[in-house]
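> no sequence for this one, just the structure:
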């Protein structure tokens, strides 16, 4: 469920971040393949970096800001921005650049062509129909969870995830599940890399406590997060594996804390999530 947008010193949830790794199409938990640099098109990589420089906090950027965010020289950033403007993916108002709705085509290409979101979406709809709450599936993209399918329910619009929304993995149920079911040897390095900032007064920011939560999640087979990502938001999540046992995504159920206690969320939601887990394992 999409987190409420509050003034905080860290990056806000980003809608339609187009820097989707190719590994999302098959096994999001794995790193992309390493190819010979001579076979790669650096210009495409840089162009996507320019598009990804825009986000919720910075929808309008100068050439210098894009250069800094994308790791390019000012001259290179200018050429990429002018090219994107020429082909209709960016707009220039004389000082700043912004993305145009045409960028949506990139995200829609993934959602329409990838099998994973299309397989998951009907199960999310069923979960929401039974509970009246909200449900979303996500994959790891760097240190964030990227939503690939979602169905809103008993949450305000500001607290619902949408496809292509990203939230920090360390304080979200989908994120904890996705990390807990990765090899334990990766946990320490992942935790060290996180900026464990308090999204709310209940956010776990102690590395040792977060490590214990990953252990608990691994042992019980699900993650339960109580108002750590957003006040009044409780989420329950389970991992999704394919029929070869590979971790491919996580799926959650989110509810208002005013509507459901933690016990009620687990009692009502866990059987439904596990049913979806079993059904999808046979299909993926």
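Okay, I see it. Owing to the predicted nature of the structure, the values given are computational and were not obtained by experimental measurement.
> Show the pLDDT at residue 101.
Residue 101 is assigned a pLDDT of 91 by the prediction.
> what does the one 3 residues further on give?
What the model reports for residue 104 is a pLDDT of 83.
> what stretches of this structure score poorly on pLDDT?
Along the chain, segments meeting pLDDT under 70 span 1-33, 111, 153-161.
> For it, which segments count as helices?
42-52, 63-70, 74-86, 104-113, 115-131, 173-180, 187-193, 207-220, 262-283 (DSSP state H).
> same for the third one, what does it pack against?
With contacts defined as 3 or more Cβ pairs under 8 Å, 6 or more residues apart in numbering; DSSP states H and E, the secondary structure elements packing on helix 74-86 are helix 42-52, helix 63-70, strand 90-92, strand 97-99. Quick note: C-beta positions are derived from backbone N, CA and C, even for glycine.
> ok, and what's touching that helix?
Here helix 74-86 makes contact (Cβ atoms under 8 Å, 6 or more residues apart in numbering) with 46-47, 50-51, 63-64, 66-67, 70, 72, 90-92, 97.
> same deal with the second one?
Helix 63-70 is contacted by residues 46, 49-50, 52-53, 58, 61, 72-74, 76-78, 80-81, 97 when judged by Cβ under 8 Å, 6+ apart.
> if we go to 6 Å?
With Cβ atoms under 6 Å, 6 or more residues apart in numbering as the contact definition, helix 63-70 has outside contacts at 49-50, 53, 74, 77-78.
> Return the distance of residue 222 relative to residue 262.
As judged by Cβ to Cβ, to the nearest Å, residue 222 and residue 262 stand 12 Å apart.
> again with residue 162
Between residue 162 and residue 262 the computed distance is 25 Å (Cβ to Cβ).
> Also residue 211?
21 Å.
> thinking again about what came up before, return the members of the contacts of helix 63-70 classed as buried.
Buried subset of those (neighbour count, 16 or more other Cβ atoms under 10 Å): 49-50, 53, 77-78.
> and of these, the nearest to residue 201?
Nearest to residue 201 among these is residue 53, at 32.0 Å by Cβ to Cβ.
> ok, that closest one - contacts?
Neighbour list for residue 53: 66, 69-70 [criterion: Cβ under 6 Å, 6+ apart].
> just residue 281 next, same as before
Contact analysis of residue 281 by Cβ under 6 Å, 6+ apart lists 241, 243.
> make it 7 Å
Counting by Cβ atoms under 7 Å, 6 or more residues apart in numbering, residue 281 touches 241-243.
> Next: residue 237.
173-174, 177, 222-223, 250-252.
> Would you check how far apart it and residue 67 are?
To residue 67, residue 237 is 38 Å away according to Cβ to Cβ.
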